[in-house]
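S.K.: Next input, structure requested:
(one chain, ligands or ions: 1)
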Amino acid sequence: MSLEIRPAEGKLGVLLPGLGAVATTFIAGVEAIRKGRTEPLGSLTQTGTVRLGKRTENRSPKIRDFVPLAALDDVVFGAWDPIPDDAYEAARKAGVLQPEDLDPIRNELEAVKPWPAVFDRRFVKKLEGTHVKQGATLMEKAEALRADIRTFREERGCDRLVMVWCASTETFLQAGPAHQSLEAFEKGLRENDPTIAPSMIYAYAAILEGVPFANGAPNLSADIPALVELAKERNVPVSGKDFKTGQTLMKTILAPGFKARLLGVNGWFSTNILGNRDGEVLDDPESFKTKEESKLSVLHTILQPHLYPELYGSLYHKVRINYYPPRGDNKESWDNIDIFGWMGYPMSIKINFLCRDSILAAPIVLDLALFMDLANRAGMRGIQEWLSFYYKSPVHAPGLYPEHDLFIQLMKLKNTLRWMRGEELITHLGIEYYD
Ligand SMILES: NC(=O)c1ccc[n+]([C@@H]2O[C@H](COP(=O)([O-])OP(=O)(O)OC[C@H]3O[C@@H](n4cnc5c(N)ncnc54)[C@H](O)[C@@H]3O)[C@@H](O)[C@H]2O)c1
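M.R.: Down below sits the predicted model:
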């Protein structure tokens, strides 16, 4: 039995709260691919394959030929930002892509002009936003976002929409009383509850408009009971949080390897320098705390010290982010990993990753937009845990622990695609080859 999936006909509007480094690198890449100037490198939906059936069958279609995904030519972009720069200007300022890559697509980028944002400086202390929505209540601001969404859908002739949060990381917040039920949340919107962050208002507006919401930053956004409830009620998929790039990507590649070979780890020190606007925002201790929580959770969940106390029971994990303007978007990270093996003999591993954050994040935005749209057309609602592959802090059902191991996440994602199409799930048992 395969799922009934509506075809990907017509235009797909990708709505981006936040038109900064990641969002503009994503848009520029899609435009450049459409013009045949580059290949969709790093994108599973465009370049990845999925094995079907037995190894002897030699069936490994491209993912985009196996499940019905929106075509890149059908994608159109909309964005909000408290800074009024269009996507060309914003991309030039972000400094990720070279002018020779931006100039051939200048017209397309200039056409993406952000709408005024729902912005509150209490949640992003380091930014001064001038291009913002006014309104007496948070509910009025939510209504204004909904109006933007409807106008965009109509004016651009979109068949479907998705929203991917690419805006700054908000200050640390734990779910409180206003987040526990839809009723409490809507009351909070009407009464300007100070614990309702802008990202939650975008998620709320998206879900009410039937638009899937993916969260690329570590702030809660849709990861609160009120919005999960609303997403289920409205049959809308949601996923998050925090794009898995850079140092954390490396952690979720290496840590499963250490655990597989039962190598102990007693120390993992990670430090970074970065100089983009994201780095500046994270220079505020409260925004950093949101990020830190997201980065720290990964190792413990993968290494499971409660199951392997002799290997990981004394793990000391420290993460530092240092804002260092000369580096711009070209982050550099250092990891010192103290491991031990047979008879407790110590070893250490040093990693120096000279990475480009937005180059790693852009294909994730593309894949999430296309997969969230697929999930929506397949009638999948609420939390989409199968998209954990893309996130540092995967949202999961209450009572479950999140799956952080990149390889298990990939298997889960591909098995979900097989399940959608009624193909046999792959267990890697393979005993039948030796009968
Ligand atoms: N680059 C990566 O590898 C990576 C990885 C994981 C998560 N992230 C997250 O993705 C987000 C974007 O990263 P970036 O490097 O593009 O940052 P950026 O600072 O270049 O862009 C963020 C943009 O969001 C805007 N913004 C802030 N508050 C807003 C609001 N309420 N509504 C609309 N726009 C708002 C800012 O003005 C800015 O233009 C950050 O939260 C970052 O932590 C990035």
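
S.K.: Residues of the stretch 51-200 of the chain that sit close to the ligand?
M.R.: 80-83, 94, 117-119, 124, 127, 166-169, 198 (C-beta under 6 Å from any ligand atom). Every C-beta, even on glycine, is put in place using the N, C-alpha and C of the backbone.

S.K.: Among those residues, which lie within strands?
M.R.: Judged by DSSP state E, the subset of these located in strands is W80.

S.K.: hey, where'd the strands end up in the stretch 301-435 of the chain?
M.R.: Along the stretch 301-435 of the chain, the stretches classed as strands by DSSP state E, counting those that start in this stretch are 316-323, 332-340, 346-354, 382-383.

S.K.: closest one to D148 among these?
M.R.: strand 382-383 (24.6 Å; C-beta to C-beta).

S.K.: ok and the residue in the chain nearest the ligand?
M.R.: Nearest residue of the chain to the ligand, counting by C-beta to the nearest ligand atom: G20, 1.8 Å away.

S.K.: For that residue, grab the count of nearby residues.
M.R.: 26 (other C-beta atoms under 10 Å).

S.K.: T171 too?
M.R.: The number of residues near T171, taken as other C-beta under 10 Å, comes to 18.

S.K.: from what I can see it touches R121, true?
M.R.: No. Judged on C-beta atoms under 8 Å, T171 makes no contact with R121 at a distance of 10.2 Å.

S.K.: Hmm, D120 and L127 touching each other?
M.R.: No. Look at L127 against D120 with C-beta under 8 Å: they stay out of range, at 10.4 Å.

S.K.: so what's the residue of the chain closest to the ligand up against?
M.R.: G20 makes contacts with D81, A90, A94, C166, A167, S168, R277, D278, as judged by C-beta atoms under 8 Å, 6 or more residues apart in numbering.

S.K.: By neighbours, which of the residues you listed wins?
M.R.: A167 (31 neighbours).

S.K.: Please list all residues in contact with it.
M.R.: By C-beta under 8 Å, 6+ apart, A167 lies in contact with P17, G18, G20, W80, D81, A117, P198, S199, A217.

S.K.: Most neighbours among the residues you listed, please name it.
M.R.: So for the contacts of A167 (other C-beta under 10 Å), the most neighbours sit at P17, 33 neighbours.

S.K.: Any idea what that one is bridged to?
M.R.: W80 (DSSP bridges).

S.K.: could you check the distance from it over to I383?
M.R.: Distance of P17 to I383, computed by C-beta to C-beta, to the nearest Å: 20 Å.

S.K.: Pull the CA coordinates from stretch 193-206 and hand them back as CSV.
M.R.: Extracted C-alpha coordinates of stretch 193-206, given in CSV (Å, rounded to 0.1, in the frame of the first residue of the first chain):
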residue,chain,number,x,y,z
ASP,A,193,1.8,37.9,26.7
PRO,A,194,5.6,38.7,27.0
THR,A,195,6.5,35.0,26.6
ILE,A,196,5.2,34.7,23.1
ALA,A,197,8.2,35.2,20.7
PRO,A,198,7.9,36.5,17.1
SER,A,199,8.9,33.1,15.7
MET,A,200,5.8,31.6,17.4
ILE,A,201,3.6,34.2,15.8
TYR,A,202,5.0,33.3,12.3
ALA,A,203,4.5,29.6,13.0
TYR,A,204,0.9,30.3,14.2
ALA,A,205,0.1,32.3,11.1
ALA,A,206,1.6,29.7,8.8
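
S.K.: which of the residues in it are buried?
M.R.: Neighbour-count burial for stretch 193-206 flags D193, I196, A197, P198, S199, M200, I201, Y202, A203, Y204, A205, A206 (criterion: 16 or more other C-beta atoms under 10 Å).

S.K.: Stretch 241-253 now?
M.R.: Neighbour counts using 16+ other C-beta under 10 Å place K241, D242, F243, K244, T245, G246, Q247, T248, L249, M250, K251, T252 of stretch 241-253 among the buried residues.

S.K.: I'd like those residues laid out as CSV, including secondary structure, pLDDT and distance to Q98.
M.R.: Putting these into CSV (DSSP: H, G, I helix; E, B strand; the rest coil; pLDDT from 0 to 100; distance: C-beta to C-beta, whole Å) gives the following:
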residue, secondary structure, pLDDT, distance to Q98
K241, coil, 95, 31
D242, coil, 95, 27
F243, strand, 97, 22
K244, coil, 95, 26
T245, coil, 93, 20
G246, helix, 89, 21
Q247, helix, 89, 25
T248, helix, 90, 27
L249, helix, 93, 24
M250, helix, 94, 26
K251, helix, 93, 30
T252, helix, 92, 30
